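In: how does the following fold in three dimensions:
(one chain, ligands or ions: 2)
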Amino acid sequence: MSALIAGHLRRRSRGVAVLSGRSAILWCRGRKLWHRLRVSAGLELGRATGRDAPVVTPPRRWNTMQALPIIDLDGLSGGGAALDRIAGEIGAACRSIGFFYVRGHGVPERLIAAVFEQAAAFFALPVEQKAVIDMGLVGDNRGYVAMRGEALDPSRPPDLKEGFNLGFDPPDRPARNAFPDLPGFRGTMLAYFAEAQALGLRLHRAIARDLGIAEDFFEPLFDRPMSTLRLLHYPPQPPAAEAGQIGAGEHTDYGNLTLLMTDAVGGLEVRTRAGKWLAAPPIPGAYVVNIGDCLMRWTNDVYVSTPHRVVNRTGRERYSVPFFLDPNPDAPVAAIPSCVPVGAAPKYPPITARAHLTEKLDASYAHRRTRS
Ligand SMILES: O=C(O)CCC(=O)C(=O)O
Ligand SMILES: [Fe+2]
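Out: Ligands and ions are numbered 1, 2, ... in the order given. Alright, predicted model coming up:
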C-alpha cells in the first residue's frame, strides 16, 4: 500500500513522497507541501488535474488537536513563498479541524472597534425600535433577529441571542439592507463589510493554491456575493434556561468561510472529530476562521465544515461579529476536479450557491419555517 501511494504521488506531483511509519510528507518542485498524514486504509488520492498538487483526503477520524492553529497572514498579498506557507497551513487546518485563527489580516483595528461600539448601541435600543427592521419585515436574510428568533440547532430550543444582518447591495439594484437610525452605523457596517469580503477573497487565493487550482478561481464567483455580516448579542446563560437552550446551538456554517471577531468574553466551542468540545478562546485582534458547508461541498468533503456552538457561561454580556462569505447566487458549486479521487464520482450533484444557502436558512429561522 505504502509503495503504491509513494509511486502514485511521485508520478502525479513530480515530487517525492516520503513515507515513514504512518505519516507521509510530500515534496513538490523542491518545496515541502503541508501534507503530513496518517496513512491508513481510508486514505484516498485525488486526481491532480490542476497544476501539480495532489489532493489527499484524510481519514475521517484523525484529529486529536487540543487547540486551534494560529496562522499569520503576513505577506499573503505578495504571493511567492509567503503564499505557499500560508496555503499549506490553511490547507492543513481545513482538512483537519476546519477552524483556525488568523493574525496579520490587515483589517484596521479601529474599524473593528467601531463595529463593536455600533453593535452595542444598536442592541441597547428598546426592542420596539429594533422590531421596526425585523427580518420578517425586511426579508432576504437581512434586518433584526429578536432574542430566541433563530435556532441554529433546529432540534433544540431557540438560541439565547439577538442579531442584526446586512448583505451586499449591488450598486445597480435597489438597496435591500435596512439600517437603524444611529449616527455612523450604516457607514461603519458597509466599510467593515468591504474589508471582510476582501480578506475572505485573499484567503481564497491561498485555498485555491492549496487545492492546486488557479489562484483567482474563486474571484469571479464572489463579485456579487450573498455574504452576510452579522452582529450578535448574547446575554449571560440564565440559570433557568430551558433544557438544551444555549447562546448558539450546535451547527455548521452554511457558506464558504466565516470570519469571526468576538469581544473578550469567551464562549465559542468547536467539536473535534473525536466528539470533544474544544474551547476557542478569544485572541485579541485575531479572527477565528472556519470552513462552511458550501466550501466543503465544493471540495468534495476534502475540507471539513466543523460543528460549533456558543455557551455564554461567563455571567457577562457577549458581543460577536461573524462575517459569512458566500458566493454569487448563480455560482455553480460543483466538486473541484482535483478533490475527486481517481475513478470515483463526486459525492454531491452540482447546485447553485443560492439553492444551497436557501436550503440551509429555511431550516434555522422560525419566520421562514412558519411562512412556508
Ligand atoms: O458568536 C459566535 O462566537 C459564533 C456564532 C456562530 O457560530 C454563527 O453565528 O454561526
Ligand atoms: Fe457558526
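In: hey, what's the closest residue to ligand 1 within the stretch 201-350 of the chain bridged with?
Out: Closest approach between the stretch 201-350 of the chain and ligand 1, counting by Cβ to the nearest ligand atom: residue 320, at 3.4 Å. Any C-beta I mention is one placed from the backbone N, CA and C, and that applies to glycine too. Taking DSSP bridges, one obtains residue 232, residue 262 as the residues bridged to residue 320.
In: that one and residue 247 touch, don't they?
Out: No. Assessed by Cβ atoms under 8 Å, residue 320 is found out of contact with residue 247, at 9.3 Å.
In: list residues touching both of those two?
Out: Residues touching both residue 320 and residue 247 (Cβ atoms under 8 Å, 6 or more residues apart in numbering) are 234, 310.
In: need the residues of the stretch 151-300 of the chain near ligand 1, please.
Out: Applying Cβ under 6 Å from any ligand atom, we find that the stretch 151-300 of the chain lies next to ligand 1 at 232, 248, 253, 260, 262, 268.
In: helix, strand or coil: sort out the third one for me.
Out: Taking DSSP: H, G, I helix; E, B strand; the rest coil as the rule, one finds residue 253 in the coil state.
In: wait, what's in contact with it?
Out: Taking Cβ under 8 Å, 6+ apart as the test, what residue 253 contacts is 290, 291, 292, 293, 305, 322, 324.
In: filter those down to the ones in helices?
Out: Residues of the contacts of residue 253 located in helices (DSSP state H): residue 293.
In: so which residues of the stretch 101-250 of the chain form helices?
Out: For the stretch 101-250 of the chain, the helices defined by DSSP state H, counting those that start in this stretch cover 109-123, 127-131, 135-138, 185-211.
In: what stretches of the stretch 201-350 of the chain score poorly on pLDDT?
Out: Residue ranges of the stretch 201-350 of the chain with pLDDT under 70: none are present.
In: residue ranges of the strands in it, please?
Out: Along the stretch 201-350 of the chain, counting by DSSP state E, counting those that start in this stretch, strands occupy 228-234, 248-251, 257-262, 268-271, 277-279, 287-291, 308-310, 318-325, 332-333.
In: which other residues reach the helix or strand just after the last one?
Out: As assigned by DSSP states H and E, the chain's next helix or strand after strand 332-333 is strand 351-352. Strand 351-352 is touched from outside by 297, 329, 330, 331, 332, 333, 334, with contacts defined as Cβ under 8 Å, 6+ apart.
In: show me which residues of the helix or strand just after strand 351-352 are buried.
Out: Using DSSP H and E, the helix or strand that follows strand 351-352 in sequence is helix 353-364. Buried positions in helix 353-364, judged by neighbour count with 16 or more other Cβ atoms under 10 Å: 353, 354, 356, 357, 358, 360, 364.
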